[in-house]
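Visitor: Any chance you can model this:
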Amino acid sequence: MVKIDGIELDAEIIEVLPAGNYKVQPKDMDTIVICKKSGKMRSRQISVIEGDRVKVEVSPYDMTKGRIVYRYGDYAARQSAQRATST
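Guide: Okay, here's the model as predicted:
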């Protein structure tokens, strides 16, 4: 039996749900994915809040459930800071 890897998508946290679940909307898609944090994120106690940009791994068999594997840094704040220093 061949293991099929998950599909990685960039997404944004829409809502924090009970029991460690999150509603996530992938970039350039209209669907909502229900996600949990991956094991490494739990063990390292990485916090995820509403509005964060994350990388989500979704199973090719069920595109409505997935897991959060990475939280991006504060991209918008860095971009505005760079614009302010360059002008």
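
Visitor: Secondary structure class of the residue nearest the centre of the chain, three-state.
Guide: For the chain, the residue lying nearest the average C-alpha position, counting by Cα atoms, centre = their mean, turns out to be Val54 (2.7 Å). When states are read from DSSP: H, G, I helix; E, B strand; the rest coil, the local structure at Val54 comes out as strand.

Visitor: go on, Thr85?
Guide: For Thr85, the reduced secondary structure class is helix; criterion used: three-state DSSP.

Visitor: what pLDDT does it get?
Guide: The per-residue pLDDT reported for Thr85 equals 73.

Visitor: Next, the distance between the ends of stretch 45-54.
Guide: Using Cα to Cα, to the nearest Å, one end of stretch 45-54 lies 15 Å from the other.

Visitor: Any chance you could list what contacts stretch 6-16?
Guide: Contact partners of stretch 6-16, identified using Cβ atoms under 8 Å, 6 or more residues apart in numbering, comprise 22-27, 29, 32-33, 48-60, 66-67, 69. All C-beta atoms are positioned from the backbone trio N, CA, C, and that covers glycine.

Visitor: Sketch out the low-pLDDT regions of the protein for me.
Guide: With pLDDT under 70 as the threshold, the chain has low-confidence stretches at 75-83, 86-87.

Visitor: Tell me the first helix or strand C-terminal of whichever strand in it runs longest.
Guide: Among all segments of the chain classified by DSSP state E, the strand with the greatest residue count is strand 7-16. Using DSSP states H and E, the next helix or strand after strand 7-16 towards the C-terminus is strand 21-26.
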